[in-house]
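A.B. asks: quick one: sequence and predicted model below, then my questions.
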Amino acid sequence: MNILFVRLSYIGDILHATAAARWIKQQYPNAKLHWIVTPSMAELLEHNPYVDYIIPWERDEYEAQSKKLHLRTMWNMWWDLRKRLKPYQFDIAVDVQGRLITGLVLLASGAPIRLGLGGTKELNWLFTNYKSKDRSKHVIEQYLDVAKLLPGALNKKIILVETENMELMDLIVTDEEQQQAKSEVETAFREKDRPLIGLVLGSSWQTKSWPHEKWQQLIDSLAYRSNFICFGGPKEAQEFKDLMQHVEKEELPVYNKLGKTTLREMAALLGECDVIVACDTGALHMAVALQRPVIALFGPTNPAEWGPLTGTYKVLQSHDMDCLGCRKRKCPKGKSYCMSGIDSVMVKEHIIELIGTKG
């Protein structure tokens, strides 16, 4: 049985979907699960024992052509994808993304059984013939519900394998990668016996980001007893130049990895941290998948749907605001309005609680 699993992007979404892929493979260990994914995200799935094959596809390029209404190019890309997928002779396609583009991937797969989310937009519902119902749960549970449609779709009576911790996410770091990260951390700091705190600066939405001055206050308040690694991409490397100049000038124990890691290198370094502080962004979900203690800062997104679900974690919000969970990428009340209400002292207290007496 050949299964095409569809979750094209991005970091957190792909990791959330790994629980559903694992459930399918546990129930049908002889099935071959092929995961189609945006090429830049493929490394998240490397060494995952529940993914038999990774199929990269230029989703971002297709979306770019779509915005320009380059219909001929879109058609050619879709037709090329159809030709790529045809030899696999997929029996089943599972879409946990629920977009028009993923519906078109289902169509290209040729699979007669196509599972997906209920209540989707962008005409995605046209491409699925089995749909889940409850969209009020955490996204991991929503994706699991799609996977659990499979026995009914196959019309087979099977004894379901009981699995513990179904909501855990899978992100596999090799021993070699972890050892490299450990060696890197050991050479990065003078005081080597201190707790190591990972700080994930920035987010894909401006409204989800914690203000620069809050990060600085947090670092300043704990620099006497902790080491820090700052994580982020090239965007954060530019946006947080002021903060990095401050820690360099003050000679604070901060290891700057902004824009300097691959996803797998970041995962290995996150695995070395005693606690990670992050907004709702990809590295937060990587840390949860690695089962590291996290402090998650939430504002315009709902932690009940997108926040940590397993492991050791604290979710902090500014609860005196009635606009939490608005899902707006631009705040009409001012830059990072709800995120500004999360006090750095509160974050510090939770860090100390999580690291205990270490350091």
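C.D. replies: Good, I have the coordinates.
A.B. asks: what sits against A42?
C.D. replies: A42 makes contact with 54, 56, according to C-beta atoms under 8 Å, 6 or more residues apart in numbering. C-beta: built from backbone N, CA, C; applies to glycine.
A.B. asks: check the one 5 residues further on too.
C.D. replies: Shown here is H47, whose contacts under the criterion C-beta under 8 Å, 6+ apart are 172-174.
A.B. asks: host element of it?
C.D. replies: Using DSSP states H and E, H47 is not contained in any helix or strand.
A.B. asks: just checking, what packs against the longest helix seen in the chain?
C.D. replies: Looking across the chain with DSSP state H, the single longest helix is helix 11-27. If you count contacts as 3 or more C-beta pairs under 8 Å, 6 or more residues apart in numbering; DSSP states H and E, helix 11-27 packs onto strand 2-6, strand 32-37, helix 139-147, helix 150-154, helix 282-289.
A.B. asks: looking at the sheet around H34, what are its partners?
C.D. replies: L4, Y53 (DSSP bridges).
A.B. asks: just the pLDDT for it.
C.D. replies: Per-residue pLDDT puts H34 at 98.
A.B. asks: then K335?
C.D. replies: Looking at K335, the pLDDT reads 68.
A.B. asks: what values do phi and psi take at I92?
C.D. replies: When quoted as degrees, to the nearest 10, the phi and psi of I92 stand at phi -140, psi 140.
A.B. asks: tilt between the longest helix of the chain and helix 282-289?
C.D. replies: Compare the direction of helix 11-27 with that of helix 282-289 by axes from the mean of the first three to the mean of the last three C-alpha atoms, to 10 degrees and you get 30 degrees.
A.B. asks: going forward, begin numbering at 47 instead of 1
C.D. replies: I'll keep to 47 as the first residue from here, and by that count the last item is helix 57-73.
A.B. asks: what residues sit buried inside helix 57-73?
C.D. replies: For helix 57-73, the neighbour count (16 or more other C-beta atoms under 10 Å) marks 57-71, 73 as buried.
A.B. asks: okay, it in CSV with CA atoms only?
C.D. replies: This file holds the C-alpha atoms of helix 57-73, laid out as CSV (Å, rounded to 0.1, in the frame of the first residue of the first chain):
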residue,chain,number,x,y,z
ILE,A,57,8.4,24.2,10.3
GLY,A,58,5.8,24.0,13.1
ASP,A,59,3.1,22.7,10.7
ILE,A,60,5.3,19.9,9.5
LEU,A,61,6.3,18.9,13.0
HIS,A,62,2.7,19.0,14.1
ALA,A,63,1.8,16.6,11.3
THR,A,64,4.5,14.0,12.2
ALA,A,65,2.2,12.5,14.9
ALA,A,66,-0.4,11.6,12.2
ALA,A,67,2.3,10.1,10.0
ARG,A,68,3.5,8.0,12.9
TRP,A,69,0.0,6.8,13.7
ILE,A,70,-0.5,5.7,10.1
LYS,A,71,2.8,3.7,10.1
GLN,A,72,2.1,2.1,13.4
GLN,A,73,-1.3,0.9,12.2
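A.B. asks: so how far is it off the chain centroid?
C.D. replies: On the basis of C-alpha atoms, centre = their mean, to the nearest Å, helix 57-73 sits 12 Å off its chain's mean C-alpha point.
A.B. asks: over to stretch 175-190?
C.D. replies: 17 Å.
A.B. asks: what separates the first and last residues of that stretch, distance-wise?
C.D. replies: One end of stretch 175-190 sits 17 Å from the other (C-alpha to C-alpha, to the nearest Å).
A.B. asks: check stretch 351-363 too.
C.D. replies: 14 Å.
A.B. asks: ok, the nearest residue to Q337 once chain neighbours are set aside to H93 distance?
C.D. replies: Once flanking residues are discounted, Q337 sits nearest to G357: 5.0 Å by C-beta to C-beta, 6 or more residues apart in numbering. Using C-beta to C-beta, to the nearest Å, we find G357 at a distance of 20 Å from H93.
A.B. asks: just the helices from the stretch 247-396 of the chain, written as ranges.
C.D. replies: Remark: helices assigned in the stretch 247-396 of the chain by DSSP state H, counting those that start in this stretch are 258-268, 280-285, 287-295, 309-316, 328-335, 349-352, 390-401.
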